[in-house]
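>>> no letters, just coordinates:
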């Protein structure tokens, strides 16, 4: 599996992957209603955001996107046919490493507020700590997870 930085010509692929998922599915129209369009993603990638693609045999199977200014993972999605093969973990490692390289003390993400959701358990398994339900704003009703820089440093230590 190859993890590489996404380029502007990968943006359509990001949307294809995003709209392929079964859990937390949103159509292109629903995503556009949130202000997320190919043009807005291109603008994000030209500023303080970065995205990564996971490829298997030169075929994109997942992506992650993060924002350094907001210190957040904006999204992580894997094609249903590629789930359970390590792409999500590898993408998260790339996104976290990039965020930590920006000298952040804490990073965060949100996901659905249901412990039975796969994403909820996945983030916990990777050391993210649920800290509470967001009560207002764009992420109202979502569960917020955080990681501290010291958590990352501990994870990198070897016995």
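Looks like it arrived, so ask away. No experiment lies behind these values; they were computed from the predicted model shown.
>>> helices or strands next to the top helix by length along the chain in the packing?
Using DSSP state H to define each element, the chain has its longest helix at helix 87-101. Other elements packing on helix 87-101 under the criterion 3 or more CB pairs under 8 Å, 6 or more residues apart in numbering; DSSP states H and E are strand 2-5, strand 49-56, strand 59-67, strand 72-78, strand 106-111, helix 149-156. (Each C-beta comes from the backbone N, C-alpha and C, glycine too.)
>>> report the angle between the axes of that helix and strand 106-111?
150 degrees (axes from the mean of the first three to the mean of the last three CA atoms, to 10 degrees).
>>> residues in contact with residue 143?
Each residue near residue 143 by CB atoms under 8 Å, 6 or more residues apart in numbering is listed here: 110-113, 120, 130, 132-134.
>>> over to residue 69?
Contacts of residue 69 by CB under 8 Å, 6+ apart are residue 48.
>>> tabulate the contacts of residue 143 in a markdown table, adding columns for pLDDT and neighbour count.
Shown next, in a markdown table, are the contacts of residue 143 (pLDDT from 0 to 100; neighbours: other CB atoms under 10 Å):
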| residue | pLDDT | neighbour count |
| --- | --- | --- |
| 110 | 95 | 21 |
| 111 | 94 | 24 |
| 112 | 91 | 15 |
| 113 | 91 | 15 |
| 120 | 93 | 19 |
| 130 | 95 | 15 |
| 132 | 91 | 10 |
| 133 | 92 | 13 |
| 134 | 91 | 15 |
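>>> distance to residue 3 added to these, as a markdown table?
Below are the contacts of residue 143 laid out as a markdown table (distance: CB to CB, whole Å):
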| residue | distance to residue 3 |
| --- | --- |
| 110 | 23 |
| 111 | 21 |
| 112 | 25 |
| 113 | 29 |
| 120 | 23 |
| 130 | 26 |
| 132 | 31 |
| 133 | 31 |
| 134 | 29 |
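>>> nearest to residue 87 among those residues?
Comparing the contacts of residue 143 against residue 87 with CB to CB places residue 111 closest, at 17.1 Å.
>>> show me what that closest one bridges to in the sheet.
Residue 111 has these beta-bridge partners by DSSP bridges: residue 143.
>>> thought it was touching residue 141?
No - in this structure, residue 111 is not within contact of residue 141 by CB atoms under 8 Å, at 11.0 Å.
>>> now for the helices and strands packed on helix 87-101, which one comes closest to residue 95?
Comparing the helices and strands packed on helix 87-101 by CB to CB, strand 59-67 comes nearest, at 4.4 Å.
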